[in-house]
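>>> Coordinates only, no sequence provided:
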């Protein structure tokens, strides 16, 4: 049976079509009404898709990124991303469309992954990239960490790479309880220190997240 957005499980996952997506919750002033979701326009949808692709190309181009931050450029000024000397900056203007698009794609693809089955390779790649983007902005997105647990458990993400990704998250979000809980889980998956060197994972594994 076809999965979410008309894609069968295991098929490649193109960008989801525009269907009145909703964005980050907006709250009123103190004592105002409960949070609501603001509809996203087609232009914001297209912008989010472009930002998502740009971010993934940057991250994939530098496996040694070791610091994450937000860039307070004035509206309409400056680039969406800056990557220099392994430091990645995301402009404030890019946060909302990037997050909204990445989370929408993550949710759509996750619907194709049964909880009691291994995540198929095509879906795994998309879930890895979407969770990577979402968690850079919101490290307390519990569902994203749970999916990364599944990907790590089935070998799609090496434990060393996941710990390296967490170290990057902590440079921007050092007090995230969800991220620290995920780190404790990941550390428990490291084999005993008494293991022989020949059975250790390759050093290159730490450069993939």
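Nice, thanks for sending it over. Keep in mind that what you see is a predicted model, and the values were worked out from it rather than measured.
>>> quick one: low-confidence parts of the chain?
The chain contains residues with pLDDT under 70 at 1-39, 193-208.
>>> Which residue ranges of it form helices?
42-61, 92-110, 121-137, 142-153, 159-172, 177-187 (DSSP state H).
>>> Nearest to residue 209 among the ones you listed would be which one?
Closest approach to residue 209 among the helices of the chain (Cβ to Cβ): helix 159-172, 3.7 Å. C-betas here are computed from N, CA, C, even on glycine.
>>> what comes up buried for the closest one?
If you call a residue buried by 16 or more other Cβ atoms under 10 Å, then helix 159-172 has these buried ones: 159, 160, 161, 162, 163, 164, 165, 166, 168, 169, 170, 172.
>>> Quick one: distance of it to the chain centre.
12 Å (Cα atoms, centre = their mean, to the nearest Å).
>>> do stretch 60-72 as well
13 Å.
>>> ok, residues contacting it?
By Cβ atoms under 8 Å, 6 or more residues apart in numbering, the residues outside stretch 60-72 that reach it are 59, 78, 82-83, 86-92, 95, 136, 167-169, 171-172, 207-208.
>>> which of those are buried?
Among the contacts of stretch 60-72, the ones that count as buried by 16+ other Cβ under 10 Å are 59, 78, 83, 88-91, 95, 136, 168-169, 172, 208.
>>> Could you single out the nearest of those to residue 124?
residue 208 (12.7 Å).
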